[in-house]
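Enquirer: The amino acid sequence is not available; the structure is as follows:
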């Protein structure tokens, strides 16, 4: 998931230079300080690791795309009410890990279901040798461990009430549809706005998740525009990349009353943001995960 991957990258803060950064090699005064820092970091890591993990069972698991490349799992939080209640905004995310797989790094996962439920749902693409691959192999009743909720989610207040943004454009690629799904199903007054569109990019219809939900999403006032980068000859819709499909025919009635929500491939987000800002859309109304 490109957007969540960029979030995880931003969480690793650069260390401040040591006061001994310019000491000559072999100077003994720097060694106790360095040893102390190393011990402190190990202790802090162990304490943090032990404090945040919540075990919960998988309640359902299955393919979310026709080719099986994307897997949808639901985790039952009936016995983890505090964790469920701490999820308050679409776009928030957490760490997931599989017990007994200590050699694998936990995976950052956006929550695909809307806040307010007794389960968390996730859309996962298996990558060999990763926690994501292990998660895709889980079955009903298997246990996962969840970290604390992270991020502020999408700042929807910037395009609320609907009069603030009569046009709202949603953009998603790949598993970036996860937090967008959460937003759609949580609700943001789509049927009270003049123009709400979702540009959703995938390689083909076989790799596009959540197609079974499209009718329900459209009933909320949303227009869905699938964009396929590797479509076969039978495909009559938009081809190529999401940003190209949008820029080809923007059709925005009032740029000053337009908002956007982006989640997915970095280049897509950058190109669309630049185009919208150049046309007069306020940066404050272009929302991404925090």
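Expert: Okay, I see it. Please read all numbers here as calculations on a predicted model, not as lab measurements.

Enquirer: switch to C-alpha atoms for all contacts and neighbour counts from now on
Expert: Noted.

Enquirer: Please tell me how far the most centrally placed residue in the chain sits from residue 288.
Expert: For the chain, the residue nearest the mean C-alpha position is residue 110 (3.9 Å; C-alpha atoms, centre = their mean). Residue 110 is 12 Å from residue 288, where distance means C-alpha to C-alpha, to the nearest Å.

Enquirer: Tell me if I'm right that the residue nearest to the centre of the chain and residue 91 touch.
Expert: Yes - using C-alpha atoms under 8 Å, residue 110 is in contact with residue 91, at 6.6 Å.

Enquirer: Just name the shakiest helix or strand of this protein by mean pLDDT.
Expert: Least confident helix or strand, the chain: helix 2-10 with a mean of 39, by mean pLDDT, DSSP states H and E.

Enquirer: Spit out the contact partners of the residue nearest to the centre of the chain.
Expert: Residues in contact with residue 110 (C-alpha atoms under 8 Å, 6 or more residues apart in numbering) are 4, 91, 92, 93, 94, 122, 178, 179.

Enquirer: Now, these that are in strands?
Expert: Among the contacts of residue 110, the members found in strands (DSSP state E) are 93, 94, 122.

Enquirer: right, and the last one touches residue 73 too?
Expert: Pointing back at residue 122 there. Yes - at 5.5 Å, residue 122 counts as touching residue 73 under the criterion of C-alpha under 8 Å.

Enquirer: Return the member of the contacts of residue 110 nearest to residue 164.
Expert: Nearest to residue 164 among the contacts of residue 110 is residue 91, at 20.5 Å by C-alpha to C-alpha.

Enquirer: Against residue 66, how distant is that closest one?
Expert: Distance from residue 91 to residue 66, by C-alpha to C-alpha: 25 Å.

Enquirer: between these two, who's got more neighbours?
Expert: Relative neighbour count places residue 91 above the other of residue 91 and residue 66, with 31 against 15, counting by other C-alpha atoms under 10 Å.

Enquirer: Look up how far residue 261 lies from the more buried one.
Expert: Using C-alpha to C-alpha, residue 91 is found at 10 Å from residue 261.

Enquirer: what sits in contact with each of the two?
Expert: residue 180.

Enquirer: Top of the ones in strands among the contacts of residue 110 by number of neighbours, please.
Expert: residue 93 (26 neighbours).

Enquirer: okay but that residue is in contact with residue 147, surely?
Expert: No - if you go by C-alpha under 8 Å, residue 93 and residue 147 don't touch, sitting 9.3 Å apart.

Enquirer: how much space between the residue nearest to the centre of the chain and residue 279?
Expert: Noted for residue 110: a distance of 30 Å to residue 279, by C-alpha to C-alpha.

Enquirer: Quick check: neighbours shared by residue 110 and residue 91?
Expert: With contacts defined as C-alpha under 8 Å, 6+ apart, the residues adjacent to both residue 110 and residue 91 are residue 179.

Enquirer: Helices of the protein, start to end?
Expert: Using DSSP state H, the helices assigned to the chain run over residues 2-10, 30-52, 81-85, 131-136, 177-186, 214-218, 242-248, 266-278.

Enquirer: for the stretch 101-250 of the chain, which spans come out with low pLDDT?
Expert: Regions of the stretch 101-250 of the chain meeting the criterion pLDDT under 70 are absent.

Enquirer: From the contact counts, what lies against the longest strand along the chain?
Expert: As assigned by DSSP E, the longest strand anywhere in the chain is strand 54-63. Secondary-structure packing of strand 54-63 (3 or more C-alpha pairs under 8 Å, 6 or more residues apart in numbering; DSSP states H and E): strand 70-76, strand 143-146.
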